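# Fold the following for me, if possible:
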Amino acid sequence: MKSVLSSHKLSKHKYIQLLIALICNFVLSPFLQGHIGSIALSFIFLYAIVVIVRTFPLKPKLFKLYMTIAFSSFILEIFGRLGFYDSWKLFFLLLIQCVYILYLGGAVYLILQDILFSKKVTIDNLHGAIAVYLLIGFIWGLLYGIIAS
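You can find the predicted model right below:
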């Protein structure tokens, strides 16, 4: 099985970028309001999704599929925020939130599996555990957004 990233690159510090992106998203979200702010937050969230996908050894075809879905959702979200499809806006935003929930839920599962089955506790495991906690917060926020819509 040929993976996109070698196992040597994945062995150390694979969760620190994800943790930084999630913390930036949480800290900056109250300050970034309006169209420009929501687009900036969408870029940070896209970066977090890219980091999540790159964290795990995937076959190249699966990696490309995940990245295509992530970028497509991102583009649809940006178009929706800019008002390009007003009549279908609610449908597309709900669809995008569902896709993000699936991505983040899968990431929580894979990161927890990696952390719980590791032989020893490292600082990277702690970064991963904090990232899982924040990802669960994002999932709850997305679910609340779906219910509120």
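# residue contacts, the residue most central in space within the chain?
Centroid-nearest residue in the chain, with C-alpha atoms, centre = their mean: residue 49, separated by 3.2 Å. Taking C-beta atoms under 8 Å, 6 or more residues apart in numbering as the criterion, residue 49 is in contact with 70, 100, 103. Quick note: C-beta positions are derived from backbone N, CA and C, even for glycine.
# what's around residue 64, how many residues?
12 (other C-beta atoms under 10 Å).
# What of residue 141?
15.
# Helix, strand, or coil at it?
With DSSP: H, G, I helix; E, B strand; the rest coil as the basis, residue 141 sits in helix.
# just residue 58 next, same as before
Residue 58 ends up coil, using three-state DSSP.
# Got phi/psi on it?
Main-chain torsions, residue 58, degrees, to the nearest 10: phi -120, psi 150.
# looking at the protein, which helix or strand is least sure?
Least confident helix or strand of the chain, by mean pLDDT, DSSP states H and E, is helix 7-10 with a mean of 46.
# Was I right to think residue 96 contacts residue 78?
No. Residue 96 lies out of contact with residue 78 (C-beta atoms under 8 Å); the separation is 10.0 Å.
# shaky segments in the chain?
The model of the chain has pLDDT under 70 over residues 1-12.
# residue boundaries of the strands in it?
Using DSSP state E, no strands are found in the chain.
# what about the helices in it?
Per DSSP state H, the chain carries helices over the ranges 7-10, 16-28, 34-55, 60-82, 89-116, 123-148.
# Pull out the buried positions in the third one.
Spelled out, that is helix 34-55. Within helix 34-55, the residues scored as buried using 16 or more other C-beta atoms under 10 Å are 38, 40-42, 44-55.
# ok, so of these, who is nearest residue 134?
Checking the buried residues of helix 34-55 against residue 134 with C-beta to C-beta, the nearest one is residue 48 at 9.4 Å.
# Now do the residue in the chain sticking out farthest from the centre against residue 80, distance only.
Distance from the C-alpha centroid of the chain peaks at residue 87, with 27.1 Å (C-alpha atoms, centre = their mean). For residue 87, the distance to residue 80 (C-beta to C-beta, to the nearest Å) stands at 11 Å.
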